[in-house]
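Engineer: Pasting a predicted model and its sequence here:
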Amino acid sequence: MKKYVAEMIGTMVLVLMGCGSAVFAGNVAGTVGAGVGTLGVALAFGLAVVAMAYTIGKISGCHINPAITLGVWLSNRMPSKEAGMYMLFQVIGAIIGSVILYGLVATGSHNGPTATGSNSFQDGHMLQAFIAEMVFTFIFVLVVLGTTSKGADNKFAGLAIGLSLVLIHIVCIPITGTSVNPARSIGPALFEGGAALSQLWLFIVAPLLGAACSAFVWKAIDTAQDA
């Protein structure tokens, strides 16, 4: 249970800090209520992962993302029941983080372009969004599997994972707002409603598919498999 609670807290922090940066400080420089822009939001997500990796990593491994948990499970690093519970508590944590953001927005103002930090894609750009979410999740999960694998320099795993998430957000924010994490998308979408809910399936299916591909590729190239 300690592992599950840790995953819940970690995912809550990720949503609160990452999505919160978009909600309250996401405006690009030069506009009214100028904020941190794309780079700032990208850093917020990445730094949240780094902070949680070195906080709850020793307890749960700090997945805070169902796509990562799926990749770890498919790599035979955790049992099925534990993987399912990780995913459940990650979603719960994302919802709690979204509740806090909703409360903050409801009791004051916000300067960002979004009220919840939900993901979305433009009409007619579904294929672009699907490819982006799948490919970038593939890369992200591959980094996680590689840096936490046997023989890797695990001391810097949290930093490498967080920085890779920053890079992914810099490229992907203009396309979808960047999910690569179904839990991170579910929480905000529940409070946004409308288009966010109707498009939510993509931010669940594409990241999970990318994670599955990553697990299979890593198993094929990992030299530890030959040891």
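Structural biologist: Thanks, I have the structure now.
Engineer: So which residues of this structure form helices?
Structural biologist: Ranges of helices in the chain, per DSSP state H, are 2-14, 20-25, 37-60, 66-74, 80-106, 126-147, 157-176, 182-192, 194-198, 202-221.
Engineer: Could you dump those into CSV and include distance to S118?
Structural biologist: No exception for glycine: its C-beta is placed from N, CA and C like everyone else's. Formatted as CSV, the helices of the chain follow (distance: least, C-beta to C-beta, whole Å):
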stretch, distance to S118
helix 2-14, 15
helix 20-25, 9
helix 37-60, 13
helix 66-74, 17
helix 80-106, 9
helix 126-147, 13
helix 157-176, 10
helix 182-192, 4
helix 194-198, 4
helix 202-221, 9
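Engineer: Which of these sits closest to T116?
Structural biologist: helix 182-192 (4.1 Å; C-beta to C-beta).
Engineer: pLDDT of that closest one, averaged?
Structural biologist: Averaging pLDDT along helix 182-192 yields 96.
Engineer: Show me what it is packed against.
Structural biologist: If you count contacts as 3 or more C-beta pairs under 8 Å, 6 or more residues apart in numbering; DSSP states H and E, helix 182-192 packs onto helix 2-14, helix 66-74, helix 80-106, helix 194-198, helix 202-221.
Engineer: Buried residues of stretch 198-206, list them for me.
Structural biologist: Q199, L200, L202, F203, I204, A206 (16 or more other C-beta atoms under 10 Å).
Engineer: Distance from it to the middle of the chain?
Structural biologist: With C-alpha atoms, centre = their mean, to the nearest Å as the basis, stretch 198-206 stands 14 Å off its chain's centre.
Engineer: Pull that stretch out as PDB, backbone CA atoms only.
Structural biologist: The C-alpha trace of stretch 198-206 is given here as PDB (Å, rounded to 0.1, in the frame of the first residue of the first chain):
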ATOM      1  CA  SER A 198     -14.300  13.400 -26.400                       C
ATOM      2  CA  GLN A 199     -10.600  13.400 -27.400                       C
ATOM      3  CA  LEU A 200      -9.400  11.700 -24.200                       C
ATOM      4  CA  TRP A 201      -9.300   8.200 -25.800                       C
ATOM      5  CA  LEU A 202      -6.300   9.300 -28.000                       C
ATOM      6  CA  PHE A 203      -4.300  10.400 -24.900                       C
ATOM      7  CA  ILE A 204      -4.900   6.900 -23.400                       C
ATOM      8  CA  VAL A 205      -4.500   4.700 -26.400                       C
ATOM      9  CA  ALA A 206      -1.500   6.400 -28.100                       C
END
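Engineer: Fine, thanks again, bye for now.
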